[in-house]
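Peer 1: got a sequence here, can you build the structure:
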Amino acid sequence: DGFAHISTFGGANFGIPTVTRDNAFQYQDTVSISKGSHELRMGFQFARFQLNNATLNYILPSYGFTTTPYSASVSDPTGVNGGSQFADFLLGYSQNNQVTSGSGQIYLRRTNVAPWFEDTWRVTRKLTATLGLRWDFMPPWTENTNKIGNVYVPQLNGPTIPTPIQAGVNVSGYGQVSRSTLNTNHNNWAPRVGLAYRVHSATVVRVGYGMFFDAQIGNTTVDMVRNPPFQTRLIVSAPDVVFPVLTLKNLSPVGVSVSSSYFAQGQAVNGKMEFPTPYIQQWNLSLEHEVLPNWAVTAAYVGSTGRHLSYSGIANIPYPGPGSLNPRRPYNPTLTSIFQFAMPRSNSYYDGLQLKSEMRAFHGFTMLNSYTWAKSIDTAQEIRAGSLNGTGYQAIDNWDLDGHGRGRSAFDQRQRFVTSLIHDIPFGKGGV
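Peer 2: Model (predicted):
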């Protein structure tokens, strides 16, 4: 029971029942040891994630309506300049129908483990060094009943044909598939180093570098649970004609275009699919100077770069050229449909100059002023970016993924100035 998903007249959509029960169990411990000029710290982090979701997306039929010629004005029977979506809905004539067969239950699981070690060493009275190392074990998501389907894509632009694979199954031509359908990365070593040097009593120079890993969001894997054979999504489209053939009663009549959808994730490495853990490297160099006992200014250069970030592309798009589309597709004639493909192909770059002035306890005032001049560049938007500020989706160019999409980030902000002021009111017990 429930509403069907109907879109759209007047921008209204409704009818996707969803139940979510997510759990996160975390444990961490830290041990500190002081020995001579060394301050040793070590720790361990454990996290267990459970994503329990029942999204009946298209389990109930979805109907899309456009301004078809059937409901056009009498003065414009071709429907080029008219038509009513709501009238088509009342008449029962849709333009796009979608329905999914299979279960909408999802039980994703992942366990992260991260031991780490850090040594803060006072080398001299003026120089302090901090050295650290962390190992992040972040395996891909698995599903309790192995309901994960993927697509092995050996070559994005062909000619080798992709192969559907299934968690826990031995697939001919591929071999045994892991429970996540992706190989686990065990090399997530994250070093950190920092130096602080006191030039004199009022001036300190600091420099630092660190690497930080981050796991894939579960939303991407949810789409893989919706792959065949666990779910099959039927997409039926009909052209705008004077006499429509697609109705609410008949989801898939004869003579209309029928297709299904697939979602793939990862990249082919040595004949297997894997998704390297995304990571970011950060570095900074700062100079801090105490102008007065209660006033300090700081100038810093901050930089970062990200690697293996998620990029959502489309596989099997046609090669550029004239003529029909299907003959120009990389996997033609075996496969003529397109499918969404999440790849670890996006890189990011950030450079910024940061200036800060902080004055404390000046006649009851505390003032903080900061200015940032920066630039952020990437080769693609994030996996679920969609449209931001009207910029639309990133371009799809499977022959130049890194070069074609490289440009300023959609969230890039070149300059930013922030100021804050706190005043202690000079009356009442102890002030306010």
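Peer 1: CA only for contacts and neighbour counts going forward, please
Peer 2: Fine.
Peer 1: quick one: low-confidence ranges for the stretch 1-150 of the chain?
Peer 2: 1-17, 55-59, 66-84 (pLDDT under 70).
Peer 1: any chance you could map the strands in it?
Peer 2: 5-9, 12-14, 18-35, 38-55, 62-64, 96-102, 105-122, 127-135, 142-143, 149-152 (DSSP state E, counting those that start in this stretch).
Peer 1: most tightly surrounded among those?
Peer 2: Highest mean neighbour count of those: strand 149-152, a mean of 25 (counted as mean count of other C-alpha atoms under 10 Å).
Peer 1: which outside residues touch the following helix or strand past that strand?
Peer 2: Counting by DSSP states H and E, the next helix or strand C-terminal to strand 149-152 is strand 163-166. With contact meaning C-alpha atoms under 8 Å, 6 or more residues apart in numbering, strand 163-166 is reached by 147, 148, 149, 150, 151, 152, 153, 171, 177, 181.
Peer 1: is residue 200 in a bridge, and if so with what?
Peer 2: residue 203 (DSSP bridges).
Peer 1: hmm, which two among the contacts of strand 163-166 are most spread apart?
Peer 2: For the contacts of strand 163-166, the maximum inter-member distance is 19.5 Å, found between 147 and 153 (C-alpha to C-alpha).
Peer 1: out of these two, which sits in the busier spot?
Peer 2: Between residue 147 and residue 153, counted using other C-alpha atoms under 10 Å, the more crowded position is residue 147 (26 against 23).
Peer 1: tell me the contacts of that one?
Peer 2: With C-alpha under 8 Å, 6+ apart, residue 147 has these contacts: 106, 166, 167, 225, 230.
Peer 1: pull out the buried residues from the residues you listed.
Peer 2: 106, 166, 167, 225, 230 (16 or more other C-alpha atoms under 10 Å).
Peer 1: need those residues in a markdown table (columns: distance to residue 207).
Peer 2: Shown next, in a markdown table, are those (distance: C-alpha to C-alpha, whole Å):
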| residue | distance to residue 207 |
| --- | --- |
| 106 | 46 |
| 166 | 47 |
| 167 | 46 |
| 225 | 45 |
| 230 | 52 |
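Peer 1: and the furthest pair within those residues?
Peer 2: Longest span within those, C-alpha to C-alpha: 106 and 166, 15.3 Å.
Peer 1: give me the low-pLDDT residue ranges for the stretch 301-432 of the chain?
Peer 2: Using pLDDT under 70, the flagged stretches of the stretch 301-432 of the chain are 382-396, 401-404, 426-432.
Peer 1: helices of that one, start to end?
Peer 2: 401-404 (DSSP state H, counting those that start in this stretch).
Peer 1: now the strands: where do they sit in it?
Peer 2: Secondary structure of the stretch 301-432 of the chain (DSSP E, counting those that start in this stretch): strands located at 339-362, 365-378, 407-408, 415-423.
Peer 1: roughly how far is the longest one from the heart of the chain?
Peer 2: In terms of C-alpha atoms, centre = their mean, to the nearest Å, the gap separating the centre of strand 339-362 from the centre of its chain is 16 Å.
Peer 1: what packs against it?
Peer 2: strand 263-265, strand 295-315, strand 365-378, helix 401-404 (3 or more C-alpha pairs under 8 Å, 6 or more residues apart in numbering; DSSP states H and E).
Peer 1: please redo it, this time with the cut-off set to 7 Å
Peer 2: Here strand 339-362 touches strand 263-265, strand 295-315, strand 365-378, going by 3 or more C-alpha pairs under 7 Å, 6 or more residues apart in numbering; DSSP states H and E.
Peer 1: with the third one instead?
Peer 2: Packing partners of strand 407-408 (3+ C-alpha pairs under 7 Å, 6+ apart): strand 365-378.
Peer 1: can you list the strands that the strand it packs on pairs with?
Peer 2: Partners of strand 365-378 in its sheet, by DSSP bridges: strand 339-362 (antiparallel), strand 407-408 (antiparallel), strand 415-423 (antiparallel).
Peer 1: next, the angle strand 295-315 makes with the longest one.
Peer 2: Right, strand 339-362. 170 degrees (axes from the mean of the first three to the mean of the last three C-alpha atoms, to 10 degrees).
Peer 1: please export the C-alpha coordinates of strand 339-362 as PDB.
Peer 2: Output in PDB follows, covering the C-alpha atoms of strand 339-362 (Å, rounded to 0.1, in the frame of the first residue of the first chain):
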ATOM      1  CA  PHE A 339      24.700   3.200 -17.100                       C
ATOM      2  CA  GLN A 340      26.000   5.300 -14.200                       C
ATOM      3  CA  PHE A 341      29.600   4.700 -13.200                       C
ATOM      4  CA  ALA A 342      31.200   6.000  -9.900                       C
ATOM      5  CA  MET A 343      34.900   6.200 -10.400                       C
ATOM      6  CA  PRO A 344      37.800   7.300  -8.100                       C
ATOM      7  CA  ARG A 345      39.000   9.800 -10.700                       C
ATOM      8  CA  SER A 346      38.500  13.300  -9.300                       C
ATOM      9  CA  ASN A 347      41.400  15.400  -7.900                       C
ATOM     10  CA  SER A 348      41.300  18.600  -6.000                       C
ATOM     11  CA  TYR A 349      43.700  21.500  -5.400                       C
ATOM     12  CA  TYR A 350      43.600  24.300  -2.800                       C
ATOM     13  CA  ASP A 351      46.000  27.200  -2.100                       C
ATOM     14  CA  GLY A 352      45.300  30.000   0.300                       C
ATOM     15  CA  LEU A 353      46.800  32.900   2.100                       C
ATOM     16  CA  GLN A 354      45.400  33.400   5.600                       C
ATOM     17  CA  LEU A 355      45.800  36.500   7.800                       C
ATOM     18  CA  LYS A 356      44.600  36.800  11.300                       C
ATOM     19  CA  SER A 357      44.700  39.500  14.000                       C
ATOM     20  CA  GLU A 358      43.600  38.700  17.600                       C
ATOM     21  CA  MET A 359      43.500  41.100  20.500                       C
ATOM     22  CA  ARG A 360      42.300  40.000  23.900                       C
ATOM     23  CA  ALA A 361      41.300  42.000  27.000                       C
ATOM     24  CA  PHE A 362      41.700  45.400  25.500                       C
END
